[in-house]
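Visitor: I'll drop the sequence and a predicted model, then ask my questions.
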Amino acid sequence: MSRRPAGPMQKFWAVFRREYLERIQSRWYIFATVAGPVFFGSVITVPQLLTRKAHPSADVTHVIILDATHTDLGARIARSLTGDPLSDTLATALRPVVRPVVPAGLRSAQDAATAEIVNHQWIGYLVIDSGVMAGADIYYAGRNASSMQDINRLTAAVRRNILAQRLEGVGLDPARIRALTDVRNEINADRITDQGRGGSAELSTIFAYVVAFTLYTMIVLYGNVILRAVVDEKSSRVAEVVVASVSPDTLLAGKVFGVSSVAVTQVLLWVVMSTIVYKTRVPLLHLFNLDIPAIPFPTISWLSILALIAFWVLGFLCYAALFAGMGAIVTNQEDATQAALPVTMLVVLAVVLVVPALLDPNGTLAKTASWFPFTAPILMPVRMSVTQVSWYEIVATLLGVAIGCGVSVWLAARLYRVGLLMYGKRPSLRELGRWIRQAS
């Protein structure tokens, strides 16, 4: 009794199963799946702990103050940096020095101070002049200029003493001024959505960044896996044997969906394990003698979660198809890197726009970029995580991503259909256009 030939769906599932099982059973895949939550948890938790314990460096007071204001502002700042001038807790060598200068000699004084810093005599120098008194920017140069903690302390000292000097100028008591101006409050911000308070704004920002970073990592990692797998099949002539029994479209679909399922499985496992770690974080941190305040998870509705998953899946399929199509037009791994560059640049563009989107999620740039099908899968989840986005905007951009995904699959299928059995030199743009037009 003769067996019926396998249909397209059976062949698709055969390719899908091979791509999925071969990669999900890899030792490196298992290692990355287990180590992923640990890595991401460390990336989020360790900087928070370090920042919480961070203080200005001990030598932030080891500075030269070039005072061109013809007042005692430089001396005030020096006392503010060192605390009580009668205290012996600060070594004499670390106390700031104030050098009164005339405005005309400020440039030469800066050159002399720079030479002393180069010779490791001081950590930096601070310039204050009449412009600073009027509200102009403060200039500082030093070896610790990249230390935000040190710069913040210097800035606060200058601002506080300029304000005190202005208030004294109108007759207020200096002791009363110190009591009134020594305020160090910080803001703990909560989001408010249509459902009410939505949790910490800081945690929402972290969540948005994690979502964007995860999708970017998955696209670049598994997109290149698909591309190199296609190139390997071409260079080893395996593709010639495979397409004898499986159509190029079925082979492309099975490969893209198989590798995509591997990525989705890994992310789902990461979510499950991260949730377990989040639930048990307190006793785990106590094992290492660490104690941090409770971290409430940002409030996210089920519809928002479904929308995030839809953006993630469609965005990944869109880029995965493009990587597979680009892999079909080259014949060696050296050319594969160049072929992947245009697709990778699209992903990088989306990541570059993440920071502007976080700073101003309702700005023109963030809104415009979230409508572009190749940046929307990353930017729209970011905006949804940090601000209230209307449901019709989410639906419209999701449809745009779906259309972009369809176009990418259509384009990749035609490149794959012709390029899979093409060898020799890399085709020109005109030849690629001819492949797309003639593919049927």
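Guide: That came through, no problem.
Visitor: residues near residue 331, how many?
Guide: Neighbour count of residue 331, defined by other C-beta atoms under 10 Å: 18. Bear in mind the C-beta positions are built from the backbone N, C-alpha and C, glycine included.
Visitor: strands of this protein, start to end?
Guide: 63-67, 97-100, 124-128, 139-142, 190-193, 196-200 (DSSP state E).
Visitor: residue ranges in the stretch 51-200 of the chain under the pLDDT threshold?
Guide: Within the stretch 51-200 of the chain, the stretches with pLDDT under 70 are 51-59, 83-94, 170-200.
Visitor: go again with 80.
Guide: Where the stretch 51-200 of the chain drops to pLDDT under 80, the residues are 51-60, 82-95, 132-135, 145-149, 164-200.
Visitor: how about the helices in it?
Guide: Remark: helices assigned in the stretch 51-200 of the chain by DSSP state H, counting those that start in this stretch are 73-82, 106-118, 130-133, 148-169, 174-181.
Visitor: need the longest helix for the protein.
Guide: Identified as the longest helix of the chain according to DSSP state H is helix 201-235.
Visitor: packing partners of it?
Guide: Contacting helix 201-235 under the criterion 3 or more C-beta pairs under 8 Å, 6 or more residues apart in numbering; DSSP states H and E are the following elements: helix 27-53, strand 190-193, helix 238-242, helix 248-279, helix 302-327, helix 333-352, helix 354-359, helix 376-386.
Visitor: mind doing that once more with 7 Å?
Guide: strand 190-193, helix 248-279, helix 302-327, helix 333-352, helix 354-359, helix 376-386 (3 or more C-beta pairs under 7 Å, 6 or more residues apart in numbering; DSSP states H and E).
Visitor: compare those and give me the one nearest residue 143.
Guide: Residue 143 sits nearest to helix 354-359 of all these, at 27.2 Å, using C-beta to C-beta.
Visitor: count the residues that sit near the nearest residue to residue 353 once chain neighbours are set aside.
Guide: Nearest residue to residue 353, sequence neighbours excluded (C-beta to C-beta, 6 or more residues apart in numbering): residue 369, at 5.0 Å. Number of residues near residue 369 (other C-beta under 10 Å) recorded here: 24.
Visitor: for the residue nearest to residue 323 when sequence neighbours are not counted, what are its contacts?
Guide: Leaving aside its chain neighbours, residue 323 sits nearest to residue 223 (3.9 Å; criterion: C-beta to C-beta, 6+ apart). By C-beta atoms under 7 Å, 6 or more residues apart in numbering, the contact list for residue 223 reads 319, 320, 323, 343.
Visitor: can I get those in JSON lines including distance to residue 133?
Guide: Below are these laid out as JSON lines (distance: C-beta to C-beta, whole Å):
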{"residue": "319", "distance to residue 133": "55"}
{"residue": "320", "distance to residue 133": "60"}
{"residue": "323", "distance to residue 133": "59"}
{"residue": "343", "distance to residue 133": "55"}
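Visitor: give the buried subset of those as a ChimeraX selection command.
Guide: Remark: buried members of the contacts of residue 223, expressed as a ChimeraX selection using 16 or more other C-beta atoms under 10 Å:
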select :319,320,323,343
